[in-house]
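Asker: structure of the sequence below:
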Amino acid sequence: MSGKTIRIGIIGLDSSHAPVFTQLLNDKNHAYHVPGGEVTVAYPGGSADFEMSYSRVEGFTEQVRDKYGVKIVDSPEEVADACDAILMVSVDARVHLELFRRIAAYRKPIFIDKPMALSSSDAKAIVELAQLHGIPIMSCSSLRYAEAMTEALLESESGSIIGMDCYGPLAMQPTQPGLYWYGVHTAEMLFKTLGKGCVKVSAVTNDEHDLITGVWENGIIGTIRGNRKGNSEFGALLHKETKTQFIDVYRHPKPYYASLMEKIMSMFVTGTPDIDMEETLQIMRFLEAANESRESGLEVYL
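Answerer: Here you go, the predicted structure:
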């Protein structure tokens, strides 16, 4: 696809990510404009039983249509037929598998916004369908690409990584249970740093906070503190052999959405995702296991 502007379609205009991504791609005057693609077509979608979906879909549809000239169509299939690559940003992860089933035969590279699904079985079904049709696919949280994270992981003078403690808001959303709704952000930061190989998960939870502990096969321990009380900021402490580094994801002027969109565009151009899909599947299972531990109070093996 290199050498021409990639026509990008959006499926799901019920997430704030829809106008954010459209602005980054379509507004050449944006300070962090991502070149090479343009959002040209979109399907609003929306879930009637999810307030954060149905209450926002009309407003976001108006934004992308009226401000950026995006054509609004009546089905995911119409989007897939009229574009070169797809952003599935439907805020309700329950619908991701069914939407993907409807468009897989069009064989367009696709980014599925976080979380990929609400079960490890649905996530596997999406990946298997993508492999069947030879579709490049990527799914993640933008926090994975926060510039402060990237810089901290490139620094090698402090020795090897020996652990990480992440924190962030963890509001409960009935239709997107447990950690799936917001825990995915901190889980992505954890796996970006520690990689694949988490073998067991345990959770401590009360009305105001959660503490999720993961143990990796190499003995490294990573934690997530999820807050329903207090501040709603994300961040982390990265533990290395000779020092512990605070990762302030808001420090860098470049928004992590822009850094993510650069990686998505690279996949659209080259056909090669930045993330090993096995890692994404492990993150989905990690979230699932953490939810199981929250319910049972027991340690869960992945």
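Asker: OK, contacts around the residue nearest to Asp49 when sequence neighbours are not counted?
Answerer: In this structure, Asp49 finds its nearest non-sequential neighbour in Thr175, 6.7 Å apart by Cβ to Cβ, 6 or more residues apart in numbering. Heads up, the C-betas are built off the backbone N, CA and C, glycines and all. Listed by Cβ atoms under 8 Å, 6 or more residues apart in numbering, the contact partners of Thr175 are Ser47, Asp49, Phe50, Asp92, Arg94.
Asker: got those residues as a markdown table, with neighbour count columns?
Answerer: Listed next are those as a markdown table, based on neighbours: other Cβ atoms under 10 Å:
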| residue | neighbour count |
| --- | --- |
| Ser47 | 18 |
| Asp49 | 10 |
| Phe50 | 18 |
| Asp92 | 22 |
| Arg94 | 17 |
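Asker: in the longest helix along the chain, what counts as buried?
Answerer: Using DSSP state H, we find that the single longest helix of the chain is helix 277-296. In terms of neighbour count (16 or more other Cβ atoms under 10 Å), helix 277-296 has its buried residues at 277, 279-291, 293-294.
Asker: tell me where this protein has strands.
Answerer: Under the criterion DSSP state E, strands of the chain are mapped to 6-11, 37-43, 71-72, 85-88, 110-113, 137-140, 161-169, 198-205, 209-216, 221-227, 235-240, 244-247, 300-301.
Asker: show residues contacting the fourth one.
Answerer: Okay, so that is strand 85-88. Strand 85-88 has contacts (Cβ under 8 Å, 6+ apart) with 1, 6-12, 18, 21, 37, 39, 79-80, 96, 99-100, 103, 108-113, 264, 268.
Asker: quick one on the thing from earlier: quick one: which of the strands of the chain is nearest Val64?
Answerer: Val64 sits nearest to strand 37-43 of all those, at 5.8 Å, using Cβ to Cβ.
Asker: which residues sit against that closest one?
Answerer: Strand 37-43 is contacted from outside by 5-13, 18, 21-22, 25-26, 61, 64-65, 68, 70-76, 78-79, 82-83, 85, 87, 265, 268, using Cβ under 8 Å, 6+ apart.
Asker: circling back: relative to strand 198-205, how tilted is the longest helix of the chain?
Answerer: With axes from the mean of the first three to the mean of the last three Cα atoms, to 10 degrees applied, the angle from helix 277-296 to strand 198-205 works out at 40 degrees.
Asker: any idea how far the residue lying closest to Tyr301 once chain neighbours are set aside lies from Glu299?
Answerer: If the residues on either side of it in the chain are set aside, Tyr301 comes closest to Lys200, at 4.9 Å by Cβ to Cβ, 6+ apart. Distance of Lys200 to Glu299, given as Cβ to Cβ, to the nearest Å: 6 Å.
Asker: over to Glu38?
Answerer: Distance of Glu38 to Glu299, computed by Cβ to Cβ: 48 Å.
Asker: the more surrounded of the two?
Answerer: Glu38 (17 against 14; other Cβ atoms under 10 Å).
Asker: Tyr145 versus the more buried one, what's the distance?
Answerer: With the distance defined as Cβ to Cβ, Glu38 ends up 21 Å from Tyr145.
Asker: got the contact list for Gly134?
Answerer: Gly134 makes contacts with Arg107, as judged by Cβ under 8 Å, 6+ apart.
Asker: let's see the pLDDT reported for it.
Answerer: In this model, Gly134 is scored at 98, pLDDT.
Asker: kindly report the same for Gly3.
Answerer: At Gly3, pLDDT is 72.
Asker: I'd like to know how many residues surround it.
Answerer: Counted with other Cβ under 10 Å, Gly3 comes out at 6.
Asker: same question, Ala171
Answerer: Other residues near Ala171 number 12, with proximity taken as other Cβ under 10 Å.
Asker: I figured it hits Arg228, correct?
Answerer: Yes: with contact defined as Cβ atoms under 8 Å, Ala171 reaches Arg228; the gap is 6.2 Å.
Asker: from what I see, Arg107 and Gln131 are in contact.
Answerer: No: judged on Cβ under 8 Å, Arg107 makes no contact with Gln131 at a distance of 11.8 Å.
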